[in-house]
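# Just a sequence and a predicted model for now, questions to come.
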Amino acid sequence: MASLPGFAEIVHQHQSLVYSLAYHSLGNRAVAEELTQDVFLSLHQNLHQLESMEHVKHWLRRAAAHRCIDEVRRQKFRRGPGLYEVPEPATRDRWQDPLLSRQLADSVASLPATARVVTVLRYQEELEPQEIAAVLRLPVATVKSRLHRALAMLRAKMQRKESVCKTSKHS
């Protein structure tokens, strides 16, 4: 068993991963920062159980994903700013259509908790379905079906928004 680096080094190496997952799942910087702190506090308490840096990374993703799901469920009762109201922490490509990006962000933000986190893990964190299944402790088939349903919901939301835009253009 290899020796793990110090806690501060682990935080330094993985804080952007945890924050990015939290921010893109929740759309609120303050809540994402608080959730990130909670995840690392929990890591500190459980560090003695982890065996390798890969184990630490997997543990952090799983803990952050589950906390994001819990937070999304709690937010149903207290609405904050939407995803489009909070500036992105990282720069984006300039060629992107800002209106389309906003509509997509709104649509992702309106997904149910698990669908939102699975979508963020797949398309923002670029994890494969097998990796998402490991993080969320779900069967791969379940992850694939949830991704399929989430994409279908996003497609339907975007089509509705497109039809509303076309209808208002011709009025």
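Alright, I've got the coordinates.
# Please report the number of neighbouring residues for residue 130.
By other CB atoms under 10 Å, the residues close to residue 130 number 11. In short, each C-beta sits where N, CA and C put it, glycine included.
# Let the chain start at 723 from now.
All set: I'll call the first residue 723, so the last point we hit is now residue 852.
# what about dumping the CA coordinates of the helix or strand containing it to PDB?
Using DSSP states H and E, residue 852 sits in helix 851-858. Included here for helix 851-858 are C-alpha records, laid out as PDB according to Å, rounded to 0.1, in the frame of the first residue of the first chain:
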ATOM      1  CA  PRO A 851     -20.900   5.500 -17.800                       C
ATOM      2  CA  GLN A 852     -18.800   2.800 -16.000                       C
ATOM      3  CA  GLU A 853     -17.000   5.500 -14.000                       C
ATOM      4  CA  ILE A 854     -20.300   7.200 -13.100                       C
ATOM      5  CA  ALA A 855     -21.700   3.900 -12.000                       C
ATOM      6  CA  ALA A 856     -18.700   3.400  -9.700                       C
ATOM      7  CA  VAL A 857     -19.000   6.900  -8.300                       C
ATOM      8  CA  LEU A 858     -22.700   6.700  -7.600                       C
END
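# Give me the distance from the helix or strand that comes right after that helix to the chain's centre.
Under the assignment DSSP H and E, the closest C-terminal helix or strand after helix 851-858 is helix 862-892. The chain centre lies 18 Å from the centre of helix 862-892; the measure is CA atoms, centre = their mean, to the nearest Å.
# any low-confidence regions in the chain?
Residues of the chain that meet the criterion pLDDT under 70 lie in 723-724, 798-818, 890-893.
# can you give me the helices in it?
Using DSSP state H, the helices found in the chain span residues 729-748, 751-768, 775-797, 820-831, 835-841, 851-858, 862-892.
# and the ones you listed, which is most packed in?
Comparing those by mean neighbour count (mean count of other CB atoms under 10 Å), helix 835-841 ranks first with a mean of 23.
# which helices and strands sit right next to that one?
Secondary-structure packing of helix 835-841 (3 or more CB pairs under 8 Å, 6 or more residues apart in numbering; DSSP states H and E): helix 775-797, helix 820-831, helix 851-858, helix 862-892.
# who's in contact with residue 843?
Contacts for residue 843 (CB atoms under 8 Å, 6 or more residues apart in numbering) come out as 743, 783, 787, 849, 853-854, 857-858.
# oh sorry, the question was meant for residue 876
Going by CB under 8 Å, 6+ apart, residue 876 touches 826, 829-830, 833, 841.
# one more time with 10 Å
Residues counted as contacts of residue 876 (CB atoms under 10 Å, 6 or more residues apart in numbering) are 826, 829-830, 832-833, 837, 841.
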